[in-house]
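Trainee: Sharing a model prediction with you, sequence too.
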Amino acid sequence: MKTPSRAAAREILDSADDSLLDLVDNLLNRGVVLSGEVMLGLAGVDLVYLRLSALLCSADRVGFARERSGRHPAS
């Protein structure tokens, strides 16, 4: 899957006709991956390391991806 350019993202965000609801709808239809890292330390010693990842998409997209891959949820 090709990552959209910053110009394409800016075009979506800058258009005055789009509302926040339209933006969220577009993101959920396409899917978004959020990831981040947190490292807590004291005196140069790393004590806690967290790596977080989340996939945000609409439920029908997950079902569509399962159908395309041939995998089905356990019954």
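Mentor: On my side now, so go ahead.
Trainee: This protein: helices as residue ranges?
Mentor: Remark: helices assigned in the chain by DSSP state H are 6-14, 20-30, 59-69.
Trainee: rank the ones you listed by pLDDT, which is bottom?
Mentor: Mean pLDDT per stretch puts helix 59-69 lowest among these, at a mean of 66.
Trainee: for residue 36, which residues make a bridge with it?
Mentor: Bridge pairing for residue 36 (DSSP bridges) gives the partners residue 52.
Trainee: next one: the one 5 residues further on
Mentor: With beta bridges defined as DSSP bridges, residue 41 has these partners: residue 46.
Trainee: and it, how many neighbours does it have?
Mentor: Here the number of neighbours of residue 41 (other C-beta atoms under 10 Å) works out to 10. Any C-beta I mention is one placed from the backbone N, CA and C, and that applies to glycine too.
Trainee: quick one, what contacts residue 40?
Mentor: Shown in contact with residue 40 (C-beta atoms under 8 Å, 6 or more residues apart in numbering): 46, 47, 48, 49.
Trainee: okay but the first one is in contact with residue 39, surely?
Mentor: Going back to what we said before, that points to residue 46. Yes. At 5.7 Å, residue 46 and residue 39 qualify as touching, with contact defined as C-beta atoms under 8 Å.
Trainee: related to what we said a few turns ago, save the contacts of residue 40 as a markdown table, and put in distance to residue 19 too.
Mentor: Below are the contacts of residue 40 laid out as a markdown table (distance: C-beta to C-beta, whole Å):
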| residue | distance to residue 19 |
| --- | --- |
| 46 | 43 |
| 47 | 43 |
| 48 | 39 |
| 49 | 39 |
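Trainee: Would you mind giving those residues as a markdown table with pLDDT added?
Mentor: A markdown table is the format used below for the contacts of residue 40 (pLDDT from 0 to 100):
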| residue | pLDDT |
| --- | --- |
| 46 | 85 |
| 47 | 91 |
| 48 | 92 |
| 49 | 91 |
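Trainee: now, which of those sits nearest residue 32?
Mentor: Nearest to residue 32 among these: residue 49, at 23.8 Å, using C-beta to C-beta.
Trainee: OK, contacts around the closest one?
Mentor: 37, 38, 39, 40.
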